[in-house]
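**Q** Sequence plus the predicted model coming up.
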Amino acid sequence: MHFTKSIIAASVVSGVYAATHQIQVGTGGQRVFTPATVDAAVGDTVQFIWVAGNHTVTSGGGSSSAACQPTAQFNSGFLIGNAGQTTNQPTFSMTVKTTAPITFYCAQNQNDHCQASMVGAINPSADNNNANSLVQLQRQASQTKVGSSGVAKKVTGGTVGKGNVIKQKREVVPSRLFK
Ligand SMILES: [Cu+2]
């Protein structure tokens, strides 16, 4: 007896709908990105919005030597969020071009933002032992010397603008594993 199995391949149409993921910078006046990680598809936009304080979002991290040091991928430069304001706040928007982890940190050396684990990732590794997981990014950053965060000079890899805060469904302040 023969059974014929027909396999119907479902094709996923990509690029039809591009989402925008918003990450708050400095929520509650704290040294945090909220959420610290997002999962994004190629073509999606990640918009960082400054809600309080003087911060950067700068590409870097992924190993002990790369923690709190800039790579050429992207950099917002220093922008200042006005605490308590939900409209017309500074933004840095970038288009996601890969599903590989994209890691970043805040280069503010006053009060040691990166060393306080102000780091994050787009499409981080879910494996907590992987260098591109949030846990390891925070660990790497917390172990770097205070005052040693690399400050990138040029704004690159995205666009600085103004925007409105989108209310977040999930927790507002992430739990901190280090510091
Ligand atoms: Cu900061």
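**A** Received the coordinates, thanks. Numbers count the residues shown, from 1 in each chain.

**Q** How about the residues of the chain by the ion?
**A** Residues of the chain that fall close to the ion, judged by Cβ under 5 Å from the ion: 55, 106, 108, 113, 118. From N, CA and C alone the C-beta is placed, and that goes for glycine too.

**Q** Pretty sure residue 54 is one of the things the third one touches, is it not?
**A** Yes: taking Cβ atoms under 8 Å as the definition, residue 108 is a contact partner of residue 54 at 6.1 Å.

**Q** shared neighbours of the two, anything?
**A** Residues touching both residue 108 and residue 54 by Cβ atoms under 8 Å, 6 or more residues apart in numbering: residue 78.

**Q** and those two? which has more neighbours close in?
**A** Ranked by neighbour count (other Cβ atoms under 10 Å), residue 108 and residue 54 place residue 108 first, with 21 against 16.

**Q** Surely the more buried one is within a strand?
**A** No: counting by DSSP: H, G, I helix; E, B strand; the rest coil, residue 108 is not part of a strand but coil.

**Q** Can you verify residue 137 is assigned to a helix?
**A** Yes: judged by three-state DSSP, residue 137 forms part of a helix.

**Q** who's in contact with it?
**A** With contact set as Cβ under 8 Å, 6+ apart, residue 137 has these partners: 61, 62, 67, 103, 105, 117, 119, 120, 121, 124, 131.

**Q** tell me the contacts of residue 64?
**A** Contacts of residue 64 (Cβ under 8 Å, 6+ apart): 140, 143, 144.

**Q** ugh, wrong one, residue 148
**A** Applying Cβ under 8 Å, 6+ apart to residue 148 gives the contacts 68, 109.

**Q** Then residue 114?
**A** Residue 114 sits next to 67, 68, 105, 106, 107, 108, 141, 144, 149 when contact means Cβ under 8 Å, 6+ apart.

**Q** In terms of pLDDT, where does it sit?
**A** Predicted confidence (pLDDT) for residue 114: 98.

**Q** Any figure for the gap between it and residue 25?
**A** Distance of residue 114 to residue 25, given as Cβ to Cβ, to the nearest Å: 13 Å.

**Q** Which neighbours do those two have in common?
**A** Common neighbours of residue 114 and residue 25, using Cβ under 8 Å, 6+ apart, are residue 106.
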